[in-house]
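[1] Sequence first, then the predicted structure:
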Amino acid sequence: MSNKIKTILMGTPEFAENVFRKFYSTLNNQFEVISVITTPDKPVGRKQVLTPSPVKKWALGVNLSVLEPDKIRKPEWVAKIKELAPDLIVLCAYGQIIPQEILDIPKYKAINIHPSLLPKYRGASPIQSVILNGEIETGVSLMIMDAEMDHGPILEISKFQILNPKISYTKLSEELSNLGAELLIKILPDYIDGKITPKEQDHAQTTFCKLIKKEDGKINWNKSAKEIERQIRAFQEWPESYTMWNEKQLKILEVDAINIKTDYKIGEVFLDDNKNLCIQTGNDILILKTIQLESKKPVSAKDFLNGHKEIIGSILQ
């Protein structure tokens, strides 16, 4: 590659920031980042302070141009990207669907880093879905984007074995982000040089994962202890997992699932023989480790119990 490839990066969260930072520091002698596109600043926290995305913070820190479309499909944004005339778009966890009109602009297409082994877990929540379903293998896919969601041909995949049965969303996301950065840096120069032939996905093997909503965090105590424990790990960052006690929200942040049969009612709080704070589920029990009552700080279940002994015998809703 004699001339630098004019590249637009599109992404939003920490996952993408890590990929872009490593890509930029490693391949900036071959790829010229002409713009970074991310979602607009969002209100965060109780005071709803307008906060830039992790990708925007990084891009401004290395003096890159940043664009923040409210809706990327608007004609003025399509026109802006045409005006920039990128040779390549690299997309990672951007957060909006890219119209075909934009995908058709770059000579080298739009490349997406997707954190699953496509065609499995197409859609918005692949990392959470892997944890929810108790998978022992996942990975990242480097693909050429087309009009359908996560549907385009694959340049390369990289697998990741989940050896830790209690891996959290945060940790798995970090592992896959690092893997995605390595894969992008390794494959992209060869792709540009025409050394890689994209391979069609086996669409018959496709599975989809849904967009997670706030209400998905509410715990259904009829589920098994294992299912709820996975939910707590999968929804660690958002929407978190919660139940209701005394008309207040009680977040359940860390638990152990234990295979024990009891005569307690589903959702009932009790102490086991070791004085652990426990909840009966639809199958087996959960030992609470870390919890957080509405408007309070997270505490250990033991410390919570010292101030709220009346929770014993409650039925959580």
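    Arrived safely, thanks for sending.
[2] Tally up the residues packed near Val130, please.
    When neighbours are counted by other Cβ atoms under 10 Å, Val130 registers 28. All C-beta spots, glycine's among them, are computed from the backbone N, C-alpha and C.
[3] I'd guessed it sits against Leu172; true?
    Yes. Using Cβ atoms under 8 Å, Val130 is in contact with Leu172, at 7.0 Å.
[4] which neighbours do these two share?
    Thr138, Ile162 (Cβ atoms under 8 Å, 6 or more residues apart in numbering).
[5] Show me what the helix ranked longest in the chain is packed up against.
    When the chain is parsed with DSSP state H, its longest helix is helix 169-192. Where contact means 3 or more Cβ pairs under 8 Å, 6 or more residues apart in numbering; DSSP states H and E, helix 169-192 is packed against helix 14-27, strand 88-92, strand 110-114, helix 126-132, strand 137-144, strand 154-161.
[6] I'd like the next helix or strand past it.
    Downstream of helix 169-192, the first helix or strand assigned by DSSP states H and E is strand 208-209.
[7] Listing partners with orientation, what would you give for that following strand?
    strand 122-123 (parallel) (DSSP bridges).
[8] Distance from the chain centre to the partner strand, please.
    Relative to its chain's centre, strand 122-123 lies at 12 Å (Cα atoms, centre = their mean, to the nearest Å).
[9] do the same with stretch 147-160
    Put simply, stretch 147-160 sits 16 Å off its chain's centre (Cα atoms, centre = their mean).
[10] For it, buried residues please.
    Buried residues in stretch 147-160, counted by 16 or more other Cβ atoms under 10 Å: Asp150, His151, Gly152, Ile154, Leu155, Glu156, Ile157, Ser158, Phe160.
[11] Please tell me how far the residue positioned nearest the centre of the chain sits from Lys218.
    Per Cα atoms, centre = their mean, the C-alpha nearest to the average position across the chain is that of Ile127, at 5.4 Å. Distance, Ile127 to Lys218, using Cβ to Cβ, to the nearest Å: 20 Å.
[12] Quick check: mean pLDDT of stretch 170-182?
    Here stretch 170-182 scores 98 as its mean pLDDT.
[13] residues in contact with that stretch?
    Contact with stretch 170-182 is made by 14-16, 18-19, 22-23, 92, 113, 115, 127, 130-131, 138-140, 142, 158, 160, 162, 164, 236-237, as judged by Cβ under 8 Å, 6+ apart.
[14] Please check the residues you listed and keep the buried ones.
    Applying a neighbour-count criterion of 16+ other Cβ under 10 Å, the buried members of the contacts of stretch 170-182 are 14-16, 18-19, 22-23, 92, 113, 115, 127, 130-131, 138-140, 142, 158, 160, 236.
[15] Show residues contacting the lowest-mean-pLDDT helix or strand in the chain.
    When the helices and strands of the chain are scored by mean pLDDT, DSSP states H and E, strand 42-44 comes last with a mean of 86. Residues outside strand 42-44 that contact it (Cβ under 8 Å, 6+ apart): Val49, Leu50, Thr51, Ser53.
[16] Contacts only, for the last one.
    By Cβ under 8 Å, 6+ apart, the contact list for Ser53 reads Thr12, Pro13, Glu17, Thr38, Thr39, Asp41, Lys42.
[17] Which of those has the largest number of neighbours?
    Highest neighbour count within those, by other Cβ under 10 Å: Thr38, with 27 neighbours.
[18] Farthest pair within the contacts of strand 42-44?
    Among those, the pair separated by the greatest distance (Cβ to Cβ) is Val49 and Ser53, at 13.7 Å.
[19] what's around Phe31, how many residues?
    Neighbours around Phe31, by other Cβ under 10 Å: 22.
[20] Quick check on Glu215: phi, psi?
    Torsion angles at Glu215 (phi, psi; degrees, to the nearest 10) stand at phi -70, psi -20.
[21] for Leu271, that is, sorry about that
    Note on Leu271: backbone dihedrals following degrees, to the nearest 10 are phi -100, psi 140.
[22] where's the residue nearest to Phe15 when sequence neighbours are not counted relative to Glu148, distance?
    Distances taken as Cβ to Cβ, 6 or more residues apart in numbering put Ser177 closest to Phe15, at 4.6 Å, once the chain neighbours are dropped. Going from Ser177 to Glu148 by Cβ to Cβ gives 24 Å.
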